[in-house]
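Peer 1: Fold the following, please.
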Amino acid sequence: MGRRVVVTGIGLICGVGNTAPEVWKKIDNHDLGTKRSGWDGMYYQLMTPELAGLVEYATGADAKLLELKKAAKDPEDLAELLTMLRPIARGTQAEVQLIEEAMKTPSPAVQRAAVAAAGAAAQRRNDVYTETLTTALLSPDSELRLTQIFQPRSD
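Peer 2: Okay, here's the model as predicted:
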């Protein structure tokens, strides 16, 4: 089981996978702290850059998504980014572009993650990703079609 720190002032749970490694060194050395009212200005420093970028994107900084895309160095990183995007996907222009580009990649893992993110956003808002998902369903790429057809649904 991983280490966890709960910062009750802002309700942030820092786990091994989402906290910057240098922060754990500060925690171990008891070098991390602030007044209760100071945590809200500090929480971006506690998270990994990817998670902090996704939080910023979720709160309206759409340009952060392009930075996160550039930071994805290989298909595995891109699939991970798309998977983390899934719960907050909302169909912004940059997001649609990222997902449509990901659907065109040869990596089935990236394609699955892109379809899942688009599908999650479409379930929350029926005015986004209709065309993107229809294109995936009609794609000449059989892997992409199967990904769309067998995408699990949550009702």
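
Peer 1: Just the helices from this protein, written as ranges.
Peer 2: Here the chain has its helices, by DSSP state H, at 21-28, 43-46, 49-58, 63-71, 75-85, 93-103, 108-124, 130-137, 142-149.

Peer 1: ok, now which ones touch residue 98?
Peer 2: Residue 98 makes contact with 65, 69, 82, 85 under the criterion CB atoms under 8 Å, 6 or more residues apart in numbering. In short, each C-beta sits where N, CA and C put it, glycine included.

Peer 1: Looking at those residues, which one is closest to residue 109?
Peer 2: Nearest to residue 109 among the contacts of residue 98 is residue 82, at 9.2 Å by CB to CB.

Peer 1: how about low-confidence regions in the chain?
Peer 2: 1-21, 23-24, 27-28, 30-34, 36-44, 142-155 (pLDDT under 70).

Peer 1: hmm, try it at 50
Peer 2: 1-13, 16, 155 (pLDDT under 50).
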